[in-house]
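K.L.:
this one's sequence-less:
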C-alpha cells in the first residue's frame, strides 16, 4: 500500500495506529504548533484548524450525514456534509476535498471557499470541546454516494423546511448551526434565492 498523507498520519508500517496531529492556530488563524487530536479536544480545548463542507444537489437540497455510531466524538448525530481537520501543513481546501471523498466516496463537482468562523462548543455527551478556527466550503455533488460505514451512518438530502423539521426532532452536532449560519451567504449565492437557504 502506498504511503499517502492519509495513511501516513493514521497507521505505521506494522499496522499500529499513530497519533493524528492537528494544526494549532491563534485567533487570526495563523499556525502556532501542533497537538494530538484527542488532546486538542480535551477541556478547555486548544484552538485548532478545521473545515466544514456543505454540498448541494441540482435541486438545491443540502446533503447531511449522520456520523457513524463507532466515532468517539459526537457519534450518531446529524451534521453537515463533511467536516474534519487538515493535516499540519495541508491546505484546508485540499483537506475538504480529500475527506469528502474518504467519507462519502464522491468528489464534489464544484467546491468553493465560503469564509471562516471561530467557535467554542463543548459536547455535553462526550465532554470534549470543539475549539475551532473553521474554514467553510460550499459546492455541488452530482455523483452517487458510496459512504464509508466506519465514518457515516446515513445520508439524506434536505430542503430548508425538511432541515428545520429534522433539526427539531433529531440530535445534531454541537457546531452544526454555527457553521451553517456562517456559510449561509455563500450557500444563497450557490443555490439561488428560490431554494430558501
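P.N.:
Noted; the coordinates are in hand. This structure is a prediction, so every number in the text was calculated from the model and none was measured.
K.L.:
so where is this protein shaky, pLDDT-wise?
P.N.:
1-18 (pLDDT under 70).
K.L.:
Report the central residue of it.
P.N.:
residue 83 (0.6 Å; Cα atoms, centre = their mean).
K.L.:
would you list every one of the helices in this structure?
P.N.:
5-8, 37-40, 92-104, 160-169, 176-191 (DSSP state H).
K.L.:
For residue 30, find the nearest of those helices.
P.N.:
helix 92-104 (13.5 Å; Cβ to Cβ). Every C-beta, even on glycine, is put in place using the N, C-alpha and C of the backbone.
K.L.:
quick one: buried residues of that closest one?
P.N.:
92, 95-101, 103-104 (16 or more other Cβ atoms under 10 Å).
K.L.:
how about the helices of the chain in JSON lines, adding distance to residue 123?
P.N.:
Converted to JSON lines, the helices of the chain look like this (distance: least, Cβ to Cβ, whole Å):
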{"stretch": "helix 5-8", "distance to residue 123": "25"}
{"stretch": "helix 37-40", "distance to residue 123": "13"}
{"stretch": "helix 92-104", "distance to residue 123": "19"}
{"stretch": "helix 160-169", "distance to residue 123": "17"}
{"stretch": "helix 176-191", "distance to residue 123": "12"}
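K.L.:
Determine which stretch of those helices is the most buried.
P.N.:
helix 92-104 (a mean of 20; mean count of other Cβ atoms under 10 Å).
K.L.:
neighbouring contacts of that helix?
P.N.:
5-6, 49, 51, 53, 55, 63, 65, 81-87, 90, 106-108, 111, 113, 135, 137, 141, 145-148, 151-152, 155 (Cβ atoms under 8 Å, 6 or more residues apart in numbering).
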